[in-house]
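Chemist: Predicted coordinates and the sequence they were generated for:
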Amino acid sequence: MRIEEILSKALEKVGNDRYILALAVGQRADELSKGAKPLLDNATLKNMKYTDIAINEIAKGLLTVEGFEEIE
């Protein structure tokens, strides 16, 4: 999946609010850098940065941003 598609899905999860997404990704990337376990399969983690992992977790619905629900 291309990064544009992943970002689009992640944005949908936070009501298309780029600021909220940036805060959520930053916070999750910080947690990952301090040893938090990624929620993605180990096979997909190869060569991924913490921010990439965080965006993918949000886009796939594995990590929810508090106060936001996906609008379908």
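Modeler: Here it is on my side, so go on.

Chemist: Provide the count of other residues in contact range of Pro38.
Modeler: When neighbours are defined as other Cβ atoms under 10 Å, Pro38 has 19 of them. In this view, the C-beta of every residue, glycine as well, is placed from N, C-alpha and C.

Chemist: Can you classify it as helix, strand or coil?
Modeler: Three-state assignment for Pro38 (DSSP: H, G, I helix; E, B strand; the rest coil): coil.

Chemist: Hmm, it is touching Ile53, no?
Modeler: Yes. Pro38 is in contact with Ile53 according to Cβ atoms under 8 Å; the separation is 5.1 Å.

Chemist: Which residues are in contact with each of the two?
Modeler: 32, 45 (Cβ atoms under 8 Å, 6 or more residues apart in numbering).

Chemist: Any idea which residue is closest to the centre of this structure?
Modeler: What sits nearest the mean C-alpha location of the chain, by Cα atoms, centre = their mean, is Ile55, with 2.5 Å.

Chemist: list the contacts for that residue?
Modeler: 6-7, 10, 25.

Chemist: For it, pull up the helix or strand it's in.
Modeler: Taking DSSP states H and E as the definition, Ile55 sits inside helix 50-59.

Chemist: which stretches of this structure form strands?
Modeler: Using DSSP state E, no strands are assigned anywhere in the chain.

Chemist: Give me the longest helix you can find in it.
Modeler: Among the segments of the chain that qualify as a helix by DSSP state H, the longest is helix 18-33.

Chemist: okay, now Gly61: neighbour count?
Modeler: 13.

Chemist: what are the phi and psi angles of it?
Modeler: Dihedral angles of Gly61 (phi, psi; degrees, to the nearest 10) stand at phi 80, psi 10.

Chemist: Please apply the same query to the one 4 residues further on.
Modeler: Note on Val65: backbone dihedrals following degrees, to the nearest 10 are phi -90, psi 120.

Chemist: who's in contact with it?
Modeler: Counting by Cβ under 8 Å, 6+ apart, Val65 makes contact with 13-14, 20-21, 24, 58.
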